[in-house]
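>>> starting from these lines, generate the structure:
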Amino acid sequence: MLKIWNILPIFFLSSLIFADTKEWWFETGWVEKNPDGSLINPDGVFPRKMIGFNGTWPLPTLRAKKGDRIILYLINGFDTVNTTLHFHGMFQPGSSQMDGPPMVSQCPIPTGEMFIYNFTLGDQVGSYWYHSHTSGQYGDGMRGAFIIEDDDFPYDYDEEVVLTLSEHYHQYSYELMPSFLSRFNPTGAEPIIDNILFNETRNATWKVEPNKTYLLRIINMGRFVSQYLWFEDHDMTVVEVDGIYTEKNTTNMLYITIAQRYTVLLTTKNSTDKNYAIMNKVDDTMLDVVPDDLQLNGTNYLVYNENADLPEQNYVDSIDDFLDDFYLIPYDKEPLLEDADYTVTLEVQMDNLGNGINYAFFNNISYVAPKVPTILSVLSAGEQATNELVYGLNTNTFVLEEDEVIDIVLNNLDTGTHPFHLHGHAFQVIERGPAIDDNDPHLSFNASDHAEWPKIPMRRDTVYVRPQSYFVLRFKASNPGVWFFHCHIEWHLDQGLAIVFVENPNAIINNSTQQITDNHKQICEKVGVPWQGNAAANTNNYLDLTGENVQVKRLPTGFTAKGIVALVFSCVAAILGLATIAYYGMQDISNVEERVAKDLNIDLVDDNGVPLEVEDEVDRIIESSSAENSTHKH
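Residues are numbered from 1 along each chain as shown. All right, here's what the predicted structure looks like:
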């Protein structure tokens, strides 16, 4: 009989034999027209260019299987801007520098250059996506689904379909950003969307067959708003969230924040005499204002019969009856991890700095990228790589030790909902507080008085915190690498709502697959970013941060958001007033002396009725006033 240690190498070799290599060559660029020559017009009301690959948009759905090797050659085809690519939700074991965030895990890719993303998928399966991690680009179209197929999927179905949600702006990100991060937007109000999309369009049609079970992979690839999703008169049975299989849980509505994925089973009806609405709806509580022309509901069509009428939009009794993902049970029933070795407590806040711009903060620190990508600081710091100071004062970096159990306690002092994503891990969600009304004090986690934690917690890689509330996440530091933790509302990441975990830096240094590649070095040199040194690019003394990038200085004590608003608009009023004075002051006004004299009640005739020169009379009044003042002084 074979012993177990003789069987393991056989399984390992078989996995290598059956693993495949997926190789893609993509060049980024703006795409104006569809293959048929028509203008790209995602929402049907405003043609505009989108960011595509190899001259086409939308981006393709990529597919692979667990254990496959991925080699993706990304050529920066933009004229003037850098780019990067992130494979959302993929753990990147032993390949942290392939994760994508610029100045965290790689140097940005400059115009005309190519970065080679080369990594192995490991044991992950399920629904993922890929997107640019360079500001504004995935909102402009650089996003697509990535499916890791599983030959041993635990549930039966007949056909798989990918459904994506997103929102759409008619203006480009580079046009929206200056007015967003501006002293004239002191409250930090996010740009209001122009539309929501379903499979990168509106009024989409999905032709189905009767009495058939579909596996729907639903991905919110937007940059801002959460969306509700429901199918008229059809239930959905959730079987996966964010790459984690779950026990079946049936619902008639999902609430999907930015970057979350739900895989569901949907069984069609036997009858084909009617078609049904597929509804996606904006969570309008996330919008500062709702324009009259913004359609909050999107109506798409579940078509059984192409000869039957398409349905009207479907209304529900309550928008609050969606599935609460907190109660999902992972299929593998992984138990609650042991008590935390290290707790990272974070407070989320939005506030203004000295330039009047509204920023986002974790513990009063707004993330500012270092001068050297953090992964490259790890690789070049040697024995000092375990010292958090190496990575800068404005990167909010936490060093984690091997196999520590980590709790993230996040207290949201803001009045909005935020979806948070952790790179390199899926976490257990062990507590989430209720939403608190704007007018009430915020609710923070109380370690000595909290709810009973679930024995088998839900796991995923993106979870939302409710307004003025909190959540508690738990994960094990078993994946050495440099991992971003950030709000996935891209506007908030641009405001600085991020921290960095440097996980087991010694293991990163000693792992041959984590070392910087020649291609990576070349990219750094081409873009002018050092690939050695601390956050300040200092290679002589890794604890000397002189010259590092830091956030703008704070306002003097006492300024509030309302005060900033008042200050800004007072300044605007003052500028307009000065402009008015300057404008009229330079005009050639006839009889100006007479008009001034009249306003000052000055007589332009003497006691005998003889006309006076205006200048002489004004001089006389001034001299008289000076003499009077001189008398008072004595």
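
>>> could I get the phi/psi values of Gly37?
Main-chain torsions, Gly37, degrees, to the nearest 10: phi 90, psi -10.

>>> neighbours around it, how many?
For Gly37, the tally of surrounding residues (other Cβ atoms under 10 Å) stands at 6. From N, CA and C alone the C-beta is placed, and that goes for glycine too.

>>> next: Ser512.
By other Cβ under 10 Å, the residues close to Ser512 number 6.

>>> could you do Arg183 as well?
Arg183 has 14 nearby residues by other Cβ under 10 Å.

>>> my read is it is in a strand, agree?
No: assignment of Arg183 by DSSP: H, G, I helix; E, B strand; the rest coil gives coil, placing it outside any strand.

>>> my guess is it contacts Asn358. True?
No: Arg183 is beyond contact range of Asn358, at 9.1 Å (criterion: Cβ atoms under 8 Å).

>>> so where's the stretch 151-300 of the chain shaky on pLDDT?
Across the stretch 151-300 of the chain, nothing is flagged by pLDDT under 70.

>>> hey, where'd the helices end up in it?
Assigned by DSSP state H, counting those that start in this stretch, the helices in the stretch 151-300 of the chain fall at 173-180.

>>> which stretches of it form strands?
All strands of the stretch 151-300 of the chain, identified by DSSP state E, counting those that start in this stretch, fall at 159-168, 195-198, 205-207, 213-220, 227-231, 236-241, 244-251, 254-256, 261-267, 276-282, 297-303.

>>> any chance of JSON lines for those, columns distance to Leu376?
Formatted as JSON lines, the strands of the stretch 151-300 of the chain follow (distance: least, Cβ to Cβ, whole Å):
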{"stretch": "strand 159-168", "distance to Leu376": "33"}
{"stretch": "strand 195-198", "distance to Leu376": "37"}
{"stretch": "strand 205-207", "distance to Leu376": "46"}
{"stretch": "strand 213-220", "distance to Leu376": "31"}
{"stretch": "strand 227-231", "distance to Leu376": "37"}
{"stretch": "strand 236-241", "distance to Leu376": "33"}
{"stretch": "strand 244-251", "distance to Leu376": "31"}
{"stretch": "strand 254-256", "distance to Leu376": "35"}
{"stretch": "strand 261-267", "distance to Leu376": "31"}
{"stretch": "strand 276-282", "distance to Leu376": "40"}
{"stretch": "strand 297-303", "distance to Leu376": "43"}
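
>>> ok, and the helix or strand in the protein with the lowest average confidence?
Least confident helix or strand, the chain: helix 4-18 with a mean of 42, by mean pLDDT, DSSP states H and E.

>>> which strands and helices sit next to the following helix or strand past that helix?
Using DSSP states H and E, the helix or strand that follows helix 4-18 in sequence is strand 21-31. Contacts defined by 3 or more Cβ pairs under 8 Å, 6 or more residues apart in numbering; DSSP states H and E place strand 21-31 against strand 50-53, strand 62-65, strand 69-75.

>>> ok, and which of the ones you listed has the densest surroundings?
strand 50-53 (a mean of 23; mean count of other Cβ atoms under 10 Å).

>>> give me the three-state assignment for Ala381.
Secondary structure, three-state DSSP: Ala381 is helix.

>>> check contacts around it.
By Cβ atoms under 8 Å, 6 or more residues apart in numbering, Ala381 lies in contact with Asn387, Val390, Pro505, Asn534, Tyr542.

>>> got the contact list for the last one?
Read it as Tyr542. Here Tyr542 is in contact with Ser377, Ala381, Gln384, Asn387, Val390, Gly533, Asn534 (criterion: Cβ under 8 Å, 6+ apart).

>>> need the buried ones from those selected in ChimeraX.
ChimeraX command restricting those to the buried ones, with burial defined by 16 or more other Cβ atoms under 10 Å:
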select :377,381,384,390,533,534
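
>>> got any ranges where the chain has weak pLDDT?
When residues are selected by pLDDT under 70, those of the chain lie in 1-18, 557-634.

>>> now, the most widely separated pair of the contacts of Tyr542?
Greatest spacing in the contacts of Tyr542, by Cβ to Cβ: Asn387 and Gly533 (14.1 Å).

>>> picking that back up, in TSV, list the strands of the stretch 151-300 of the chain along with mean neighbour count.
Below are the strands of the stretch 151-300 of the chain laid out as TSV (neighbours: other Cβ atoms under 10 Å):
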stretch	mean neighbour count
strand 159-168	19
strand 195-198	21
strand 205-207	14
strand 213-220	21
strand 227-231	23
strand 236-241	23
strand 244-251	17
strand 254-256	24
strand 261-267	23
strand 276-282	22
strand 297-303	20
